[in-house]
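>>> Return atomic coordinates for the entry below.
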Amino acid sequence: MIALLRQILQQNSTICRTTAIRPSDATIRVLRWWARRLLAIAHHCHVRGDLDEASHHASRALRIATRTGPVELRAAASLIAAEIGTDGAAFAASRALLEETVRLLETAPSTARETRLLARVFTCLGDNHRRAGHYPEATIFLDRALHLLEREDPPDRVQTVRALTALGIAAKEQGAYAEAARRYATIADLYERDGAPLTARATLHHNLAGLAYARQQYSWAEAHARQAVSLRRQAKASPAALAADLAVLAASLAAQDRNDEARDLLGRALGCSRAARPPRYDDIAVQLHLLATIDHESGRMDRAERGYREALSIKERILGPDHPEIAIISDNLGALLHDRRRIARTKSS
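Okay, here's the model as predicted:
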């Protein structure tokens with residue numbers, strides 16, 4: 001997927017430099033209609049969890065939109081392609097596409113439609129930086145998104161929730177638990193007032209489970225995770241989306257010494273993540289890391305070491321060597337190797 005998005009960027013750049021013969025107005029209208037149809041198909045595939053198919057249709061739409069315009073269509077196609085790429089862990093290529101889209105929208109005449117698109121781009125760019133571990137940049141872009149969204153009448157609730165969710169996760173990952181809870185409480189208030197789809201409520205419970213786990217409130221984490229799993233199943237969500245809920249439930253059970261249940265859930269989550277198109281390598285690494293910590297605590301040192309090393313290899317390939325998650329896995333692997341040396345010395349003495 002990273003290679004595909006880089007190819008898209010190169011194609012866009014080439015098209016922008018080339019002065020081609022202008023198609024007729026009728027042809028342009030048909031091409032624009034087809035680009036919008038492709039984006040609708042890409043969105044459907046993205047929601048269904050098929051990122052490969054979604055990326056294919058989004059890239060076709062982007063090539064057409066770059067050639068025919070208008071700015072709104074080109075920006076929408078770039079945004080959808082970048083959202084798909086970010087979910088596929090193609091952070092750098094997606095970020096470049098989003099930054100180009102910001103420049104496009106900021107130089108275009110300001111209209112309500114372009115402003116809404118810009119807010120969405122800022123949200124995606126902020127979440128992209130957050131996933132890559134760039135927290136200051138993430139906060140800047142997400143705050144800019146909220147500022148634009150608050151100026152709308154009425155505000156776009158879906159995009160507001162996305163920005164608040166990304167800010168909440170970023171706060172949790174930096175240890176600012178009270179701020180994360182405040183962001184999630186705002187989302188819960190919006191849902192209480194206006195209602196929300198099952199998948200949106202599942203995502204909120206998933207994030208509340210992650211926050212409770214970080215605060216070592218494991219029974220609360222379990223309760224929220226079970227609610228997320230239940231809602232996701234009711235919504236008939238993609239197996240890849242359900243896998244993330246199963247993993248956070250497994251983590252909360254393992255923290256309560258219910259390792260057999262946790263292993264079973266992680267096995268199911270890994271099966272879903274590996275079967276996805278493409279495989280969700282970022283989620284696979286998280287699940288392998290969780291499984292390795294259970295094996296480590298259970299004394300299954302060989303399996304634990306293999307799990308830590310595989311998770312570390314995947315994360316380094318996706319995130320680079322300086323991401324905070326790399327330090328956590330490396331620290332756990334180091335602790336395991338220390339334990340193995342200590343056990344070996346005890347046996348030899």
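>>> gap between the two ends of stretch 296-304?
5 Å (CA to CA, to the nearest Å).
>>> With stretch 265-283 instead?
Length of stretch 265-283, first residue to last, CA to CA: 14 Å.
>>> List the buried residues in that stretch.
Buried residues in stretch 265-283, counting neighbours by 16 or more other CB atoms under 10 Å, are found at 265-266, 268-270, 272-273, 276-277, 279-283. The C-beta positions use only the backbone N, C-alpha and C, and glycine is treated the same way.
>>> Also stretch 185-193?
For stretch 185-193, by 16+ other CB under 10 Å, it's 187, 190-191.
>>> next one: stretch 60-73
60-68, 71-73.
>>> Just put those in JSON lines and tack on pLDDT and secondary structure.
Shown next, in JSON lines, are the buried residues of stretch 60-73 (pLDDT from 0 to 100; DSSP: H, G, I helix; E, B strand; the rest coil):
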{"residue": "60", "pLDDT": "95", "secondary structure": "helix"}
{"residue": "61", "pLDDT": "96", "secondary structure": "helix"}
{"residue": "62", "pLDDT": "95", "secondary structure": "helix"}
{"residue": "63", "pLDDT": "94", "secondary structure": "helix"}
{"residue": "64", "pLDDT": "94", "secondary structure": "helix"}
{"residue": "65", "pLDDT": "94", "secondary structure": "helix"}
{"residue": "66", "pLDDT": "92", "secondary structure": "helix"}
{"residue": "67", "pLDDT": "90", "secondary structure": "helix"}
{"residue": "68", "pLDDT": "90", "secondary structure": "helix"}
{"residue": "71", "pLDDT": "91", "secondary structure": "helix"}
{"residue": "72", "pLDDT": "93", "secondary structure": "helix"}
{"residue": "73", "pLDDT": "94", "secondary structure": "helix"}
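>>> from the buried residues of stretch 185-193, which is closest to residue 247?
Distance to residue 247 across those (CB to CB) is lowest for residue 187, with 21.3 Å.
>>> The closest one sits in which helix or strand?
Assigned by DSSP states H and E, residue 187 falls within helix 177-194.
>>> try residue 98
Per DSSP H and E: helix 91-107 holds residue 98.
>>> buried residues in whatever helix or strand comes next after that helix?
Downstream of helix 91-107, the next assigned helix or strand under DSSP H and E is helix 112-131. Buried residues in helix 112-131, counted by 16+ other CB under 10 Å: 114, 116-131.
>>> quick one: average confidence on whatever helix or strand comes next after helix 112-131?
Once the chain leaves helix 112-131, the next helix or strand it forms, by DSSP H and E, is helix 135-150. Regarding helix 135-150, the rounded mean pLDDT is 95.
>>> Now do the contacts for the residue nearest the centre of the chain.
With distances taken as CA atoms, centre = their mean, residue 87 lies nearest the centre of the chain, 4.4 Å away. The contact partners of residue 87, taken as CB atoms under 8 Å, 6 or more residues apart in numbering, are 46, 51.
>>> One more: residue 275?
Taking CB under 8 Å, 6+ apart as the test, what residue 275 contacts is residue 239.
>>> Next up, the contacts around residue 209.
Residue 209 touches 220-225, 228, 248-249, 252, counting by CB under 8 Å, 6+ apart.
>>> Restricted to helices, list these.
Members of these lying in helices (criterion: DSSP state H): 220-225, 228, 248-249, 252.
>>> Adding pLDDT, neighbour count and distance to residue 100, write the residues you listed out as JSON lines.
Below are the ones in helices among the contacts of residue 209 laid out as JSON lines (pLDDT from 0 to 100; neighbours: other CB atoms under 10 Å; distance: CB to CB, whole Å):
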{"residue": "220", "pLDDT": "98", "neighbour count": "16", "distance to residue 100": "42"}
{"residue": "221", "pLDDT": "97", "neighbour count": "25", "distance to residue 100": "40"}
{"residue": "222", "pLDDT": "98", "neighbour count": "22", "distance to residue 100": "43"}
{"residue": "223", "pLDDT": "98", "neighbour count": "17", "distance to residue 100": "43"}
{"residue": "224", "pLDDT": "98", "neighbour count": "25", "distance to residue 100": "38"}
{"residue": "225", "pLDDT": "97", "neighbour count": "28", "distance to residue 100": "38"}
{"residue": "228", "pLDDT": "98", "neighbour count": "28", "distance to residue 100": "35"}
{"residue": "248", "pLDDT": "97", "neighbour count": "27", "distance to residue 100": "34"}
{"residue": "249", "pLDDT": "97", "neighbour count": "27", "distance to residue 100": "39"}
{"residue": "252", "pLDDT": "97", "neighbour count": "26", "distance to residue 100": "41"}
